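Undergrad: Sequence isn't available, so here's the structure alone:
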């Protein structure tokens, strides 16, 4: 079952593009997180086909028409620190969302 973690997104029904982050019920830090994309409050779909653990909104780089998500690359073990962070920009292009950067490596 999925549960909302939208406090970690920027959902705004008035924004050109916004996101709500959702994870599984009883999630831990490494549980898969799905980014739901919205145009002026209307659901568009997910940012990626698969859910990734350690996904977060990069609020400092997000604007009214662009959502930036940070995807942490897992370390060598579950307790190890992340090996890196991939930032991916999603931008509203008039009638659809376009991913401007390469998708994170799974």
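TA: That came through, no problem. Model, not experiment: these values are computed from the prediction.
Undergrad: Give me the next element, helix or strand, following the helix or strand where residue 87 lies.
TA: Element membership for residue 87, per DSSP states H and E: strand 84-92. Moving toward the C-terminus from strand 84-92, the next helix or strand (DSSP H and E) is strand 97-99.
Undergrad: How far off centre is that following strand?
TA: Averaging C-alpha positions (C-alpha atoms, centre = their mean, to the nearest Å) puts strand 97-99 12 Å from its chain's average.
Undergrad: Mind listing the strands that strand pairs with, and their directions?
TA: Within its sheet, strand 97-99 is paired with strand 84-92 (antiparallel), according to DSSP bridges.
Undergrad: quick one: contacts of the strand holding residue 87?
TA: With contact meaning C-beta atoms under 8 Å, 6 or more residues apart in numbering, strand 84-92 is reached by 16-17, 19, 37, 39, 47, 58, 61, 65-73, 97-105. Where you see a C-beta, it was placed from the backbone N, CA and C, and this is true even at glycine.
Undergrad: in that strand, what's buried?
TA: Using 16 or more other C-beta atoms under 10 Å as the test for burial, strand 84-92 gives 88-92.
Undergrad: What of stretch 99-106?
TA: Buried, per 16+ other C-beta under 10 Å, within stretch 99-106: residue 104.
Undergrad: can you give me the mean pLDDT across that stretch?
TA: For stretch 99-106, mean pLDDT rounds to 88.
Undergrad: List the contacts of it.
TA: If you take C-beta under 8 Å, 6+ apart as the criterion, stretch 99-106 is touched by 47-48, 50, 52, 66, 71, 73, 86-91.
Undergrad: Many thanks, I have nothing further to ask.
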